[in-house]
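1. Quick check, what structure comes out for this input:
(chains A and B)
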Amino acid sequence: MYHPDQIEPKWQKKWADDGLYHADIDPEKPKFYALTMLPYPSGDLHIGHWYAMTPSDARARFKRMQGYNVLFPIGFDAFGLPAENAAIQRGIHPKSWTYSNIENMRRQLKSMGAMFDWRREAISADPSYYRWTQWFFIQFFKNNLAYRKEAAVDFCPNCNTTLAREQVQGEDRHCERCGTPVIKKNLTQWFFRTTNYAEELLDFSDMDWPEQVQTLQTNWINRSEGASVIFKTEQGDQIEVFTTRPDTLWGATFMVLAPEHPLVSKITTPEQQTEVAAYREQAEHMGDIQRESTDREKTGVFTGGYAINPVNNERIPIWIADYVLMGYGTGAIMAVPAHDQRDFEFAQKYALPIVVVIQPSDVAPIHLDEMDAAVPASGEMVNSGPLTGTPGEQAFDQAVAYIQQKGVGERAVNYRLRDWLISRQRYWGAPIPIVHCPHCGPVAVPDDELPVELPEDVEWLPTGESPLKLHPTWRNTTCPQCGGPAERETDTMDTFMCSSWYHLRYLSPDYDQYPFDPAEYDYWMPVDTYTGGIEHATMHLIYTRFFHKACRDLGITKGKEPMRQLRNQGMVLGEDNEKMSKSRGNVVSPDDLVQAYGADTVRAYLMFFARWELGAPWNSSGIEGSVRWLRKVWYTFLEPARNSQSANPEILRTVRRKVHQTLESVTRDFETLGFNTVVSGLMELLNELNTAKSAGAFGTEAWAEAESLYLRMLAPICPHIAEELWERTGHAYSIHDQAWPEVDEEAAKEDEITLIIQVNGKLRDRLTVPVNISADEAKVAALASENVQPFLEGGEPKKVIYVPGRLVNIVV
RNA sequence: GGGGCAGUGGCGGAAUGGCAGACGCAACGGACUUAAAAUCCGUCGGUAGUAGUACCGUGUGGGUUCGACUCCCACCUGCCCUACCA
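-> Alright, predicted model coming up:
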């Protein structure tokens, strides 16, 4: 009988004792770095973790059997808010909460039977880890990739911390972690210059990443081509604007600044002072959700000031309006009401002039008094001074050339991507290693004083303030530069900073000279296959790419990208087709499943029940199929047959053919991460083998080969049962050290094929013919078919198409 | 408003432009059993027919092709991302 509860712990212990999955540098072997996104130690391993990790493990095991030296590490993204919330709510220290969770999750992870090399485990909350997170920060700081500025930033009132732009999501602009709508706050925060890399981050060449992730990142970065144009106020101040439509410059009849624009107070005339101040006040207090809602009627006020349109020297009024955002572009726009809907609405409401300067050829001649909407299309330039008459296709380039020649602007590219805000006003994170000195300003903590350790004796007060700020002594220090009294930065780093480089720490988690051992780096990097959820497309996956490129420019890392191939798994939903959650009561516990069925069954089912990249709702009866399969595997190979060795050569030939055909498809599907068809292929083969077994194939040479190949193909998916059967069928330990079998092309070949006979593309007959049938023979056979005759109606076919080895299509 | 992905039996899914529904779940019928579980055998897209078989069928409508689940165009539905982005 198959008893997974007996064999699984036994083999897990033996593999661990033998160090079977230790991955060490071996220059003789090609390397393969397989990486699965590291989990947050929330306390319990979710079925989603199993869904993410066990297929990745199977793929890594497959690569290992193919002869690669495979590194498949694991660790914990151990800093973060839930730990701190547990501290506030239940009085448990985040450290003990986190580390006891890690202990439990380690046990759960080990129950998977995955080939993790535990010697390489890295925990981002260990001082030996975050010492280097801090070290990276300092490298960025010293090289002007980290800077501090005051800005209106997103703040989660529930988590009591600022967030990066990427961590604010959805229409209601809610916090990525807790779902609370964020508010804007003016704060001085640390940023990384991700925007320096905007252009490079758009380049996905030589990367095998899903189209969807490329699209998400490309849209997130949102490159737009246009021109930057300098307008001057009547007092001579410059106002720079970005426009994607330089060809509409002659139609710019007013300017709009964001209410927060620094020039507003200077431009505003005394008469307009009160109104402008009131509007700015109102804009400041209005939530972002309200302010950014598109359907709200546009509002604004006149500043009293005027600018000069640099192409036609027209005097145009300067307004402020909250539909212009300080955070995008320059916070100022030239308004072209005739050709931009927003500007059009604004101009209508406030009776501002509208001038048509573009006449698209497929639009009836535009008359000002008949306009009820802007005409955003491009077309021939009209009313545009020297450029009047320029055809639509040339308008953009001609306009840019014109402003460049006049020295009032130039071609420009703008991105929506913002710099990465990394300050968090929380305790449980890596402290930002900066000392604020009243004389020297912000000064980096010297390398030999790293890590800046988190003090453990902190108090939890429900004030929303970081305990680091409230700590009586920790803040006080001396300036590393001048030696005078100074204060430590009390903000910690975004945990995405920790996870931007964990793949490097896995290489040498105990190394203390550098973030990683360069020898390990040179051997293992880049990551060959990276797997994880698509929800990280515009967060972690952008950050880690930025991090790699920034480090490359500092001489720390090498190569263009950190991860060569990326694959995303889908999500396992509850049986009710809803996202699993405790409150819905639809959570599936992997611990319970392992207890009931064994890890191998859970692994097999997770790989079989859905397309991995799509995921599907859980089906608790579906897992029965995987249980039955493994039970069947067990007795197929272990229970001798009464009629052993009595099969005829025909049967044995068929056995060999099926085995090698399956090996071919399984190999291909493992390569492409098509796990569901790997499993179904093996199920199918097992059915065939049982047919052959009842026909007397058991105990033959062909059977022995089938057994050996079957178990090896099974090994990556169900490592325990494969090892057990490998031993029980008399093979030497360990199956996981065996080579992936080679396909015997000769054995896989078919002798006969089923030739499909179609008439006008419709199936009419199937003929069994020799595989090497000639085209003429095939056509003759097809035309002779009884099922075809009635359709010929005695006449000659118009055309007969023969697809070698497949079909004959008769066109009548 | 913009962009992306998906749509195949009761369900999950399979199918280099060439036999639609492999494999599995559920369901139904049968064998074994005192009984149950386990296991085994069989049926399982729709309509008509005892049957051979015929017709219909991969969200809808067109197109390309000897031939379309697959490629192209338009649309519908669902999900995801994004959004006064200048």
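2. For the rest of this, base every contact and every neighbour count on C-alpha atoms.
-> Fine.
3. Let me see the domain layout of chain A.
-> Domain ranges of chain A: A:140-214+A:428-495, A:223-415, A:619-748, A:752-811, per automatic domain parsing.
4. quick one: average pLDDT of the last one?
-> The average of the pLDDT scores along domain A:752-811 is 85.
5. Can you give me the first-to-last residue distance of it?
-> 25 Å (Cα to Cα, to the nearest Å).
6. C-terminal to the helix or strand harbouring A:H660, what's the next element?
-> If you go by DSSP states H and E, A:H660 is part of helix A:649-671. Per DSSP H and E, the first helix or strand lying C-terminal to helix A:649-671 is helix A:675-694.
7. Which of the helices and strands in chain A ranks last by mean pLDDT?
-> Scoring the helices and strands of chain A by mean pLDDT, DSSP states H and E places helix A:288-292 at the bottom, with a mean of 54.
8. Can you name the element that comes right after it?
-> strand A:300-308.
9. so who does the residue of chain A found nearest RNA strand B touch?
-> Per Cα to the nearest atom of the strand, A:T243 is where chain A lies closest to RNA strand B, at 2.7 Å. Listed by Cα atoms under 8 Å, 6 or more residues apart in numbering, the contact partners of A:T243 are A:226-229, A:333-334.
10. Narrow the residues you listed to those in strands?
-> A:226-229, A:333-334 (DSSP state E).
11. Does A:M207 touch A:R567 like I think?
-> No: between A:M207 and A:R567 there is no contact under Cα atoms under 8 Å: 11.4 Å.
12. When the two are compared, which one has more neighbours?
-> A:R567 (21 against 15; other Cα atoms under 10 Å).
13. Tell me if I am right that that one is in a helix.
-> No: counting by DSSP: H, G, I helix; E, B strand; the rest coil, A:R567 falls outside a helix, being strand.
14. Pretty sure it sits against A:Y530.
-> Yes: look at A:R567 against A:Y530 with Cα under 8 Å: they come within range, at 6.3 Å.
15. Mutual contacts of these two, please.
-> Listed as contacting both A:R567 and A:Y530 by Cα under 8 Å, 6+ apart is no residue at all.
16. And the pLDDT for the residue nearest in space to the middle of chain A?
-> Centroid-nearest residue in chain A: A:A537, 3.1 Å away (criterion: Cα atoms, centre = their mean). Looking at A:A537, its pLDDT is 91.
17. Next up, phi/psi of it, please.
-> Backbone torsions for A:A537, taken as degrees, to the nearest 10, come to phi -50, psi -40.
18. residue contacts, it?
-> A:213, A:216-217.
19. repeat for A:Q272
-> Applying Cα under 8 Å, 6+ apart, we find A:Q272 in contact with A:302-304.
20. quick one: which of the residues you listed is most hemmed in?
-> In terms of neighbour count, A:T303 stands highest of the contacts of A:Q272 at 25 neighbours, by other Cα under 10 Å.
21. Leaving out chain neighbours, which residue sits closest to that one?
-> Nearest residue to A:T303, sequence neighbours excluded (Cα to Cα, 6 or more residues apart in numbering): A:T268, at 4.5 Å.
22. just checking, that neighbour touches A:Y306?
-> No: using Cα under 8 Å, A:T268 is not in contact with A:Y306, being 9.4 Å away.
23. what do the two both touch?
-> Here A:T268 and A:Y306 share no contacting residue, scored by Cα under 8 Å, 6+ apart.
24. all helices for the stretch 351-500 of chain A, in order.
-> A:392-406, A:467-470, A:495-498 (DSSP state H, counting those that start in this stretch).
25. Contacts only, for A:V182.
-> A:154-157, A:168, A:173-175.
26. List just the nearest of those to A:E370.
-> A:R173 (38.6 Å; Cα to Cα).
27. Tell me, how many residues neighbour that closest one?
-> Counted with other Cα under 10 Å, A:R173 comes out at 18.
28. cool, the one 5 residues further on as well?
-> Residue crowding around A:C178 was assessed by other Cα under 10 Å; the count is 12.
29. Next: the one 5 residues further on.
-> Using other Cα under 10 Å as the criterion, A:I183 is surrounded by 19 other residues.
30. looking at it, it is touching A:C156, isn't it?
-> Yes: using Cα under 8 Å, A:I183 is in contact with A:C156, at 6.4 Å.
31. Assumed A:D776 was part of a strand.
-> No: judged by three-state DSSP, A:D776 forms no part of a strand; its state is helix.
32. Name the residues of the stretch 1-150 of chain A found near RNA strand B, please.
-> Residues of the stretch 1-150 of chain A found near RNA strand B (Cα under 7 Å from any atom of the strand): none.
33. go with 10 Å
-> A:M1 (Cα under 10 Å from any atom of the strand).
34. all strands of the stretch 1-150 of chain A, in order?
-> A:31-36, A:69-71, A:75-76, A:122-123, A:146-156 (DSSP state E, counting those that start in this stretch).
35. List the buried residues for the last one?
-> Yep, that's strand A:146-156 we're talking about. Using 16 or more other Cα atoms under 10 Å as the test for burial, strand A:146-156 gives A:146-147, A:152-156.
36. swap in stretch A:594-602?
-> Judged by neighbour count (16+ other Cα under 10 Å), stretch A:594-602 contains these buried residues: A:594, A:597-602.
37. ok, now stretch A:95-105?
-> Neighbour-count burial for stretch A:95-105 [16+ other Cα under 10 Å]: A:95, A:97-99, A:101-102, A:105.
38. Pull the distance from that stretch to the chain's centre.
-> Taking Cα atoms, centre = their mean, to the nearest Å, one finds stretch A:95-105 lying 27 Å from the centre of the chain it belongs to.
39. same question for it, mean pLDDT?
-> The model assigns stretch A:95-105 a mean pLDDT of 96.
40. Next: stretch A:524-532.
-> pLDDT averaged over stretch A:524-532 gives 96.
41. now do stretch A:227-234
-> Per-residue scores along stretch A:227-234 average to 94.
42. got the contact list for that stretch?
-> By Cα under 8 Å, 6+ apart, stretch A:227-234 touches A:238-246, A:267, A:305-310, A:400, A:403, A:408-413.
43. circling back: among the contacts of A:T243, which are within reach of RNA strand B?
-> Checking those against RNA strand B (Cα under 10 Å from any atom of the strand), the matches are A:226-228, A:333-334.
44. Neighbouring strands - and their directions - for the helix or strand hosting A:V241?
-> Per DSSP H and E: A:V241 is located in strand A:238-243. Strand A:238-243 has the following strand partners under DSSP bridges: strand A:223-233 (antiparallel).
45. What angle do helix A:392-406 and the strand it pairs with make with each other?
-> 50 degrees (axes from the mean of the first three to the mean of the last three Cα atoms, to 10 degrees).
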